[in-house]
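**Q** Need coordinates for the below:
(one chain, ligands or ions: 1)
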Amino acid sequence: MDFKKKLVDEFHACFHSDPEFLVRAPGRINLIGEHTDYNDGFVLPLAIDRAVWLALRIRQDRMVVVYSLDFAEKVEFSLDDIHRNRGWSENIKGIAWAFQDAGYHLVGWEGIMVGDVPIGAGLSSSAAAGLVTARAFIKTSGLEWNPVRMAKICQAAENQWLGLNSGIMDQMVSAGARLGHAFFLDCRSLEFQHVPIPPGIAILVLDTTTRRELVNSAYNQRHAECAAAARSFGVPALRDVTLDMLVGRSALVDDVLFRRTRHVVTENQRVLDAVAALRLGDIPRLGELLKASHVSLRDDFEVSSDALDKIVACANHQPECYGARMTGAGFGGCAVALVRSDALEAFIRSVKLCYLHATGVDADIYVCLPGEGATVLTL
Ligand code: GLA
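**A** Model prediction:
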């Protein structure tokens, strides 16, 4: 969709003038490294070619006014008086709150927002909306864009304003990704490297079209379990547990915590192995790691779902697929598959048919291109 023209037209209709700036921030898909970010571990996501966009103009007062085309609703609030409420605009208010809480002086603006990251699908529509808002504030307030600082502000908003104890993966990749590359991140040091995606493979989103309620409470519960497991090992985070430590203490650790820990420990190693495989262009090896990640998320971390297991099985059954697994927080939403790029049509047709047979539901399957992190665009 041509968002630029749409946003400019809608801006005219709503605010009777031209916008001054156009900003966008992408959603993400995680190749591997799931539920490791809040354990100080490693992740390997990439930004996708779907994003949240915002056309905006500076205001002279301290008001922020946003019309969302997706929610068909306008909200406004003063930067001097931010209150908690409910709904999509909490994401925007939370970012304003987090900036000001960190000592930034902000300027008000008015804008039109639209996005094509599916909501609740595990592709980080919420982080994209947060980052695009941060990009808007930085631009209008004449401040310098620093991806790591911005990711931390946006994470603080999500943790403290929205009450979700999420890690920093989604914000970091939406802020700092590079076109054509995966984003290898150490979630403890926040150091990252851009790893090129080799030619010949396509990254596919397999959307089960299931959306789960109460994901937040299940997510926060996993977060609490990991913190409890780290305490029982006497380490700051599960990143510091090795497989030997885990096996050595298996009799002393509660079964659930043992399995949560085993997932995190083995998943961290899989991310390191996946980065090495990607650099060598060893895609079959990468595919095997994705498959192993799914099994671990399903059996040890218990965040998959029947629909996710079925679509992953359908994908892994196809000869053109190197490997597939659930992606994102889980409990529904999407899987990711690595597929030979010369055999996409056959793959999509077969997986759709297989999933329809297995569930009676039509899956939504599409290629995603590794995209650029948050940007300001020319109007
Ligand atoms: C959500 C969170 C991330 C991460 C993933 C699971 O997307 O926002 O921080 O924890 O789940 O890997």
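**Q** tell me what the top strand by length along the chain is packed against?
**A** Longest among the strand segments of the chain by residue count, using DSSP state E, is strand 42-58. Using 3 or more Cβ pairs under 8 Å, 6 or more residues apart in numbering; DSSP states H and E, the elements in contact with strand 42-58 are helix 3-15, strand 21-32, strand 109-115, helix 125-140, helix 169-176, strand 181-186, helix 255-280, strand 364-368. All C-beta atoms are positioned from the backbone trio N, CA, C, and that covers glycine.
**Q** Which elements pack onto the longest one?
**A** Other helices and strands packing on helix 255-280, by 3+ Cβ pairs under 8 Å, 6+ apart, are strand 21-32, strand 42-58, strand 181-186, strand 192-196, helix 215-233, helix 243-248, helix 283-299.
**Q** Direction included, what does the fourth one pair against?
**A** What that stands for is strand 192-196. Its sheet considered, strand 192-196 pairs with strand 181-186 (antiparallel) by DSSP bridges.
**Q** Which positions in the strand it pairs with come out as buried?
**A** Using 16 or more other Cβ atoms under 10 Å as the test for burial, strand 181-186 gives 181-185.
**Q** Among these, find me the one that's closest to the ligand.
**A** Taking Cβ to the nearest ligand atom as the measure, the ligand lies nearest residue 185 of the buried residues of strand 181-186, at 10.8 Å.
**Q** any idea what sits nearest the closest one, other than its immediate chain neighbours?
**A** residue 192 (4.5 Å; Cβ to Cβ, 6 or more residues apart in numbering).
**Q** Same check on residue 76?
**A** residue 65 (4.3 Å).
**Q** got it, and residue 377?
**A** Residue 377's closest residue in space is residue 22 (Cβ to Cβ, 6+ apart), at 4.4 Å.
**Q** Relative to residue 354, how far out is the one you found?
**A** Residue 22 is 41 Å from residue 354, where distance means Cβ to Cβ, to the nearest Å.
**Q** And the two? Which one has more around it.
**A** residue 22 (23 against 18; other Cβ atoms under 10 Å).
**Q** what's across from the more buried one in the sheet?
**A** Those that pair with residue 22 in a beta bridge, by DSSP bridges, are residue 55, residue 377.
**Q** dump the residue contacts of it.
**A** Residues near residue 22 by Cβ atoms under 8 Å, 6 or more residues apart in numbering: 4, 7, 53-56, 376-379.
**Q** Now, of those, which are buried?
**A** 7, 53-56.
**Q** Could you identify the pair within these that is furthest apart?
**A** Within the buried ones among the contacts of residue 22, 53 and 56 form the most distant pair, 10.2 Å apart (Cβ to Cβ).
**Q** Overlap of the contact sets of those two?
**A** By Cβ under 8 Å, 6+ apart, the residues touching both residue 53 and residue 56 are 22-23.
**Q** still on that earlier bit, didn't the residue nearest to residue 185 look like it was pressed against residue 168?
**A** No. Using Cβ atoms under 8 Å, residue 192 is not in contact with residue 168, being 10.7 Å away.
**Q** What about residue 72, how many residues nearby?
**A** Neighbours of residue 72 (other Cβ under 10 Å): 7.
**Q** how far away is it from residue 50?
**A** Distance from residue 72 to residue 50, by Cβ to Cβ: 20 Å.
**Q** and stretch 165-178, does that touch the ligand?
**A** Yes. Using Cβ under 6 Å from any ligand atom, stretch 165-178 comes into contact with the ligand via 166-167, 169-170.
**Q** What average pLDDT does that stretch get?
**A** For stretch 165-178, mean pLDDT is 97.
**Q** how long is it end to end?
**A** 26 Å (Cα to Cα, to the nearest Å).
**Q** same question, stretch 17-24
**A** OK, stretch 17-24 end separation, Cα to Cα: 20 Å.
**Q** buried set for it?
**A** Those would be 19, 21-24, for stretch 17-24 by 16+ other Cβ under 10 Å.
**Q** Tell me who's in contact with the residue of the chain positioned farthest from its centre.
**A** What lies farthest from the middle of the chain is residue 251; by Cα atoms, centre = their mean that is 35.5 Å. Going by Cβ under 8 Å, 6+ apart, residue 251 touches no other residue.
**Q** Give me the distance between it and the ligand.
**A** In this view, residue 251 and the ligand are 29 Å apart by Cβ to the nearest ligand atom, to the nearest Å.
**Q** now residue 188
**A** 14 Å.
**Q** Shouldn't that residue be within a helix?
**A** No. Using DSSP: H, G, I helix; E, B strand; the rest coil, the assignment for residue 188 is coil, not a helix.
**Q** got a pLDDT number for the residue lying closest to it once chain neighbours are set aside?
**A** Excluding the flanking residues, the one nearest residue 188 by Cβ to Cβ, 6+ apart is residue 40, at 4.0 Å. Listed pLDDT for residue 40 reads 98.
**Q** what about residue 40, how many residues close to it?
**A** So residue 40, with other Cβ under 10 Å, has 21 neighbours.
**Q** before we move on, what SS does the residue nearest to residue 76 have?
**A** Quick answer, by three-state DSSP: residue 65 is strand.
**Q** do you know how far it is from residue 305?
**A** Taking Cβ to Cβ, one finds residue 65 at 39 Å from residue 305.
**Q** now residue 379
**A** For residue 379, the distance to residue 305 equals 42 Å [Cβ to Cβ].
**Q** Contact distance from the ligand - what residues of the stretch 1-150 of the chain qualify?
**A** 34-35, 37-38, 124.
**Q** Those into JSON lines, with extra columns for distance to residue 344?
**A** Converted to JSON lines, those look like this (distance: Cβ to Cβ, whole Å):
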{"residue": "34", "distance to residue 344": "24"}
{"residue": "35", "distance to residue 344": "29"}
{"residue": "37", "distance to residue 344": "30"}
{"residue": "38", "distance to residue 344": "34"}
{"residue": "124", "distance to residue 344": "24"}
